[in-house]
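Enquirer: coordinates only, sequence not included:
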């Protein structure tokens with residue numbers, strides 16, 4: 001696959017993710033000022049169950065469609081009808097379980113909220129195959145417009161409902177409208193339609209690859225949501241809200257980059273899966289570029305956590321700060337996870353992918369058991385410790401598969417780590433000046449950008465020069481088209 005095709009689709013995917021996440025971020029911040037932390041804790045409890053069931057709806061079949069070399073209409077139609085059956089079953093399960101969940105948390109208001117919010121399960125089941133088709137055919141421009149329309153419309157409705165005092169229902173409406181419009185626009189703009197055909201044999205073939213990814217995803221989501229489940233039950237809804245928002249900031253930045261690279265990298269790697277050298281080069285480039293972009297963001301948020309929380313949220317949310325700083329360290333190295341796992345999926349080794357997830361889950365659950373009775377902060381430190389160990393586990397197989405060892409991967413990240421550390425040290429000095437926190441952040445942001453660019457030039461960081469070259473190439477091509 002040509003570099004220009006990959007880069008062009010990566011930019012479209014980055015644009016779609018950045019635009020959607022920025023709108024969602026602004027809406028979240030506006031709603032956070034309008035709604036009490038307890039309401040956010042309540043919505044967090046609902047999402048725990050919905051996100052677990054969404055893994056069943058996906059079932060790893062979307063990735064199987066992308067990875068399969070000769071996927072045709074029969075494959076896509078089979079997965080579409082199978083998804084519809086699964087999402088209907090999942091919604092029925094949530095509808096019937098809602099009173100039990102409300103009883104468990106001693107929150108009667110959860111029953112109706114769960115039953116309405118769970119409608120996203122039905123819509124996402126319809127959307128999943130369209131997403132796989134778009135990713136496989138590198139049509140990420142369609143994603144851009146579908147997501148933009150859905151996100152903006154949902155934002156307007158959500159804020160209006162919160163202003164009218166509708167509380168929890170404002171967030172529920174925002175989520176439902178977002179995914180519904182997104183799905184409708186994608187359905188209109190993408191030409192593929194399910195045919196009147198179904199094959200159990202094709203489903204079996206796809207599932208032979210997909211079930212391992214499904215099992216891996218299920219373990220990951222259960223682990224991620226178990227922590228929230230414990231915090232919400234053992235501690236309080238407010239503690240859950242503070243933990244959730246402590247994770248939200250680094251997750252917001254990471255998901256833009258991570259999902260963009262993930263969406264483009266898997267089909268790109270799958271197209272050259274027979275050449276391990278090409279897969280290695282793509283993996284290496286993804287780690288370098290990913291850490292070059294993400295690392296300064298995480299260091300910057302960690303250093304500027306005080307003014308960021310005060311400005312974007314309010315003083316009521318200050319307990320978020322320690323969680324935010326710890327989780328920024330954990331998320332800073334996310335590109336190494338994504339790149340290694342994508343390489344393993346691309347070459348068709350979902351068996352190794354599953355084994356890695358099983359090993360990592362022993363580590364993850366051990367971190368929960370070791371910290372859950374201490375404090376919420378201890379549980380967050382457990383996230384960091386498990387993340388560092390998981391990083392090594394994810395990288396280990398590629399020493400044999402791609403001849404790309406973990407020490408080599410760390411060496412590829414060292415320049416970005418050094419530049420980000422220098423940037424962090426410089427902007428930290430601004431914290432020592434006795435000035436208003438708004439002015440402090442106004443100084444820190446441009447100063448941090450300038451220091452990072454200077455470090456990149458002085459150190460001749462490969463990713464900096466690569467990105468400059470790509471941008472210049474795209475601008476030159478655009479000028480030539482105009483002429």
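Expert: Perfect, thanks for sending it. What you see is a predicted model, and the numbers here were worked out from it, not measured in a lab. Numbers count the residues shown, from 1 in each chain.
Enquirer: after the lowest-mean-pLDDT helix or strand in the chain comes which helix or strand?
Expert: Every helix and strand in the chain was compared by mean pLDDT, DSSP states H and E; the lowest is helix 3-34, with a mean of 66. Using DSSP states H and E, the helix or strand that directly follows helix 3-34 along the chain is helix 37-58.
Enquirer: State whether residue 131 and residue 62 are indeed in contact, as I suppose.
Expert: Yes: with contact defined as Cβ atoms under 8 Å, residue 131 counts as touching residue 62 (6.4 Å). To be clear about C-beta, it is placed using only N, CA and C from the backbone, and glycine gets the same treatment.
Enquirer: how much space between the closest residue to residue 28 other than its chain neighbours and residue 349?
Expert: Among residues not flanking residue 28 along the chain, residue 248 sits closest, at 7.1 Å (Cβ to Cβ, 6 or more residues apart in numbering). Per Cβ to Cβ, to the nearest Å, residue 248 is found 33 Å from residue 349.
Enquirer: Repeat that for residue 421.
Expert: Residue 421 is 35 Å from residue 349, by Cβ to Cβ.
Enquirer: More neighbours: which of the two?
Expert: Neighbours per residue (other Cβ atoms under 10 Å) separate residue 421 from residue 349, with residue 349 holding more: 18 against 14.
Enquirer: Wait, the more buried one touches residue 401, no?
Expert: Yes: using Cβ under 8 Å, residue 349 makes contact with residue 401 at a distance of 7.0 Å.
Enquirer: joint contacts of the two?
Expert: The contact sets of residue 349 and residue 401 do not overlap (Cβ atoms under 8 Å, 6 or more residues apart in numbering).
Enquirer: pLDDT averaged over the helix or strand where the residue nearest to residue 28 lies - what is it?
Expert: Using DSSP H and E, residue 248 sits in helix 237-271. Average pLDDT, helix 237-271: 72.
Enquirer: ditto for stretch 385-405
Expert: The average pLDDT for stretch 385-405 rounds to 89.
Enquirer: For that stretch, measure first residue to last.
Expert: One end of stretch 385-405 sits 21 Å from the other (Cα to Cα, to the nearest Å).
Enquirer: and if you look at stretch 392-399?
Expert: 11 Å.
Enquirer: starting at the chain centroid, how far to that stretch?
Expert: Offset of stretch 392-399 from its chain centre (Cα atoms, centre = their mean, to the nearest Å): 21 Å.
Enquirer: Same check on stretch 399-409?
Expert: Taking Cα atoms, centre = their mean, one finds stretch 399-409 lying 25 Å from the centre of the chain it belongs to.
Enquirer: Could you do stretch 130-138 as well?
Expert: Chain-centre distance of stretch 130-138: 18 Å, with Cα atoms, centre = their mean.
Enquirer: So for it, what gets flagged as buried?
Expert: Buried residues in stretch 130-138, counted by 16 or more other Cβ atoms under 10 Å: 130-136, 138.
Enquirer: List just the nearest of those residues to residue 105.
Expert: Set against residue 105, the nearest of the buried residues of stretch 130-138 by Cβ to Cβ is residue 131 (32.2 Å).
Enquirer: The closest one and residue 166, how far apart?
Expert: The gap separating residue 131 from residue 166 is 30 Å, by Cβ to Cβ.
Enquirer: avg pLDDT for stretch 136-150?
Expert: Mean predicted confidence for stretch 136-150 is 70.
Enquirer: meant to ask about stretch 346-362, not that
Expert: pLDDT averaged over stretch 346-362 gives 82.
Enquirer: My guess is residue 123 contacts residue 183. True?
Expert: Yes: the pair residue 123 / residue 183 is scored as a contact, 5.3 Å apart, by Cβ under 8 Å.
Enquirer: so residue 107 is in which element?
Expert: Assigned by DSSP H and E, residue 107 belongs to no helix or strand.
Enquirer: ok, it - contacts?
Expert: 42, 45.
Enquirer: do residue 74 as well
Expert: 195, 197, 199, 202.
Enquirer: In terms of helix, strand or coil, where does the first one fall?
Expert: So that's residue 195. Counting by DSSP: H, G, I helix; E, B strand; the rest coil, the backbone at residue 195 sits in coil.
Enquirer: if I look at the nearest residue to it once chain neighbours are set aside, how far off is residue 199?
Expert: Excluding the flanking residues, the one nearest residue 195 by Cβ to Cβ, 6+ apart is residue 77, at 4.6 Å. Using Cβ to Cβ, one gets 8 Å for the distance from residue 77 to residue 199.
Enquirer: More neighbours: these two, which one.
Expert: residue 77 (20 against 13).
Enquirer: Next, that one: secondary structure please.
Expert: Residue 77 ends up helix, using three-state DSSP.
Enquirer: low-confidence ranges in the stretch 351-483 of the chain?
Expert: Residues of the stretch 351-483 of the chain meeting the criterion pLDDT under 70: 474, 477-483.
Enquirer: need the helices for it, in chain order.
Expert: Using DSSP state H, counting those that start in this stretch, the helices of the stretch 351-483 of the chain run over 376-395, 398-401, 406-431, 437-458, 462-482.
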